[in-house]
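Chemist: sequence-free structure coming up:
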DNA sequence: CGTGTGACTGGGC
DNA sequence: GGCCCAGCCACAC
């Protein structure tokens, strides 16, 4: 793992306000570290346990299947706009 | 070295 | 809107 990149991912994720989200692809863009969405996903799965990982979702507003249950709870708690189990990206995407 | 595998995406239908 | 698919690329075997 590129530990320096991991740290940058962590810092950015911690800046996402409650109730808002960023897509894996957007995180990759903002960090411009030469890695793509899949790598961001890998980082989140390995080093994102102690982060508000539910604020980083797929471009279509959903999450990988195993995480949907937990994510739903957090989205509800934070008042994240959700419909049919998916975050409404038009409204929740953090600029 | 060759292959398979994703916390992914955008494009085509 | 949904489904499929190729492209993606670091990683583990």
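Modeler: Structure received. This one's a predicted model, so the numbers in the text were calculated from it and none came from an experiment. Numbering: from 1, shown residues only, chains lettered A, B, ... in the order given.
Chemist: Enumerate the residues of chain A near DNA strand B.
Modeler: Chain A comes close to DNA strand B at residues A:23-26, A:37-38, A:40-42, A:44-45, A:48-49, A:53, A:56, A:58-60, A:63-64, A:67, as judged by Cβ under 7 Å from any atom of the strand. For glycine as for every other residue, the C-beta is placed from the backbone atoms N, C-alpha and C.
Chemist: Select only the buried ones of the residues you listed in PyMOL?
Modeler: Typed into PyMOL, the next command selects the buried ones out of these (criterion: 16 or more other Cβ atoms under 10 Å):
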select buried, chain A and resi 23+24+26+37+40+41+44+48+53+56+58+63
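Chemist: So which of the residues of chain A next to DNA strand B belong to helices?
Modeler: Secondary structure defined by DSSP state H assigns A:24-26, A:37-38, A:40-42, A:44-45 of those to helices.
Chemist: could these be laid out in JSON lines, adding pLDDT?
Modeler: Listed next are these as JSON lines, based on pLDDT from 0 to 100:
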{"residue": "A:24", "pLDDT": "98"}
{"residue": "A:25", "pLDDT": "97"}
{"residue": "A:26", "pLDDT": "97"}
{"residue": "A:37", "pLDDT": "97"}
{"residue": "A:38", "pLDDT": "97"}
{"residue": "A:40", "pLDDT": "98"}
{"residue": "A:41", "pLDDT": "97"}
{"residue": "A:42", "pLDDT": "97"}
{"residue": "A:44", "pLDDT": "98"}
{"residue": "A:45", "pLDDT": "96"}
